[in-house]
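> Here is a sequence with its predicted model. Questions after.
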Amino acid sequence: MMKYKSRRIIDKKPIWVIVDENEKIINKSPSKEELKCVDIPLSKKKLYNNRKYLIGRLWHFYNKNKKIPMCADFTNNPEYPSQATYWRIFGSWNNALKEAGLWEKRYNPTHTCDRCRKSFGKLEFLDHPRKEYDEKRKWTGNWDCPTCYRRYDPNSIDNIRKEMTDIRLGVGQDSETAKGEEDVNIVCEVFEYVNLNKKCNSYNTPIDCLDEKIGLLYQVQGRRYNPDRGDWPFNGFEREWYKEYESMICLCRNSDGSIIEEIYIFPSWIIIGKMGVDIYKSPMNTAGTSPIIPWYEEYRIKGKKREDILKKANDILKRKLEKRKEV
């Protein structure tokens, strides 16, 4: 343990004390001989070049938090040197852990999978152990081998696929993902489009459906009416310049989602680069002082066609809501 002398206020009086490398007082009343044997703490710049000090900070974190420090724990953390300091002195973060003797402690004391008890030492490098999280992304305290991770962690790709399957089978209909899938299904049934998510068994693409007659690709977005603003806020429209789809269909429902009030169809190019689009139920500006006609009004389905489509969409929605209540 490294020792330094430091000037501290004790009992309202400035006196010399002896502190450790973490600036914790270890001797409140040192003798003159003891003070002569220690120096004033090095400057932070010199400390950050001291391998022994840097290793001490790793152990300080480990003893305080009962876990192996990760790079993120030392990033923008004023209590500890930055990860860049460790890379500069040791060559890598793992090298610092190995020199500190913390490398073997990085998983658990037994160095085995907490589920199947398989030794991590027998795993290939790419099959490194993983932390297992619960549905709220909170660490369960388990270190899993890749097989057990895929089985028990709800966020593993295997369980995400299972969740998508459950959605298609009608399980968990209250989730936001399920509501989005319901909107896609309604649009596909109304316009007689192909649901590409189901056809391709994938939810990793923004392409939701396809009009086989003219070959147009659509993405479907559903929004609930905001009574305070008097609109359907479309904040978060796709903003990247490259589009995989050629048009977006917006399904606008009332506030509780039980009635489809409007349907908009936007060409992809009209919303490229837009931060968001607000679809107002009444033609008023945000202050409500003067009538305005929004530039996107022309993309709303209107006339006799609108009444027929909305009736068909609401009949489908009503049928789905009744079926959900039965379940």
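Received the coordinates, thanks.

> thought residue 262 was touching residue 232?
Yes: judged on CB atoms under 8 Å, residue 262 makes contact with residue 232 at a distance of 7.5 Å. No exception for glycine: its C-beta is placed from N, CA and C like everyone else's.

> Who has more neighbours out of these two?
residue 232 (24 against 18; other CB atoms under 10 Å).

> Which strand or helix spans the more buried one?
strand 231-235 (DSSP states H and E).

> And what about the residue positioned nearest the centre of the chain, helix, strand or coil?
A centroid search over the chain (CA atoms, centre = their mean) returns residue 137, at 9.2 Å, as the residue closest to the centre. Here residue 137 is recorded as coil under DSSP: H, G, I helix; E, B strand; the rest coil.

> okay, it: pLDDT?
Looking at residue 137, its pLDDT is 78.

> so who does it touch?
Residue 137 makes contact with residue 155 under the criterion CB atoms under 8 Å, 6 or more residues apart in numbering.

> tell me how far the ends of stretch 191-210 are from each other?
Start and end residues of stretch 191-210 are separated by 10 Å (CA to CA, to the nearest Å).

> Just the buried positions in the longest helix along the chain, please.
The longest helix of the chain (DSSP state H) is helix 303-326. Residues 310, 313-314, 316-317, 320 are the ones in helix 303-326 that count as buried (16 or more other CB atoms under 10 Å).

> which residues sit against it?
With CB under 8 Å, 6+ apart, helix 303-326 has contacts from 170, 173, 182, 185-187, 189-190, 251, 258-263, 300-301.

> filter the residues you listed to the buried ones?
By 16+ other CB under 10 Å, the contacts of helix 303-326 give 173, 182, 185-187, 189-190, 251, 260, 262-263, 300 as buried.

> Filter these down to just the ones in helices.
Counting by DSSP H, the part of the buried ones among the contacts of helix 303-326 found in helices is 182, 185-187, 189-190.

> Dump those residues to TSV, plus pLDDT.
Formatted as TSV, these follow (pLDDT from 0 to 100):
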residue	pLDDT
182	85
185	89
186	93
187	94
189	94
190	94
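
> which among those gets closest to residue 268?
Looking at those and their distance to residue 268, the nearest is residue 187, at 15.8 Å (CB to CB).

> which residues sit in contact with the closest residue to that closest one other than its chain neighbours?
Nearest residue to residue 187 in three dimensions, chain neighbours excluded: residue 220, at 4.9 Å (CB to CB, 6 or more residues apart in numbering). When contacts are counted by CB under 8 Å, 6+ apart, residue 220 is found next to 180, 183-184, 187, 208-209, 248-251.

> neighbour-wise, which of those residues leads?
For the contacts of residue 220, the largest number of neighbours (other CB under 10 Å) sits with residue 208, at 27 neighbours.

> Quick check: phi and psi at it.
Dihedral angles of residue 208 (phi, psi; degrees, to the nearest 10) stand at phi -100, psi -40.

> what pLDDT does it get?
At residue 208, pLDDT is 84.
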